[in-house]
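Student: I would like the atomic coordinates for the input below:
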Amino acid sequence: MKKIRTEKGLTQEELSYKSELDISQIGRIERGLVNTSISVLNKIANALQIELKELFDFETN
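Tutor: Just a heads-up that it's a prediction; the model follows:
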């Protein structure tokens with residue numbers, strides 16, 4: 001999520017505003033400190049203007 005957010009040139013604060021989520025929640029999700037619901041992830045995907053499934057597409061190295 002952080003990679004997508006930064007590629008789109010958004011700060012955590014901007015993503016927080018666009019997704020109507022608390023900025024601290026955005027930070028906790030990005031750091032992997034909390035599990036979150038699909039509905040919250042859907043808000044984030046909408047704010048990032050991506051499909052929800054893109055939040056689950058990640059490469060393992």
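
Student: what's the burial count for residue 13?
Tutor: Neighbour count for residue 13, taken as other CB atoms under 10 Å: 10. The C-beta positions use only the backbone N, C-alpha and C, and glycine is treated the same way.

Student: so what's it up against?
Tutor: The contact partners of residue 13, by CB atoms under 8 Å, 6 or more residues apart in numbering, come to residue 23.

Student: and the gap between it and residue 19?
Tutor: Noted for residue 13: a distance of 11 Å to residue 19, by CB to CB, to the nearest Å.

Student: by contact count, what packs against the longest helix along the chain?
Tutor: Determined from DSSP state H, the single longest helix within the chain is helix 38-48. When contacts are defined as 3 or more CB pairs under 8 Å, 6 or more residues apart in numbering; DSSP states H and E, helix 38-48 packs onto helix 12-19, helix 23-30.

Student: list the buried ones in the lowest-mean-pLDDT helix or strand in the chain?
Tutor: Across the helices and strands of the chain, mean pLDDT, DSSP states H and E gives its lowest value to helix 2-7, namely a mean of 94. Neighbour counts over helix 2-7 (16 or more other CB atoms under 10 Å) mark 4, 5 as buried.

Student: And for stretch 14-26?
Tutor: 15, 16, 19, 21, 25, 26.

Student: What lies in contact with it?
Tutor: 5, 10, 12, 13, 34, 36, 40, 43, 44, 46, 47, 48.
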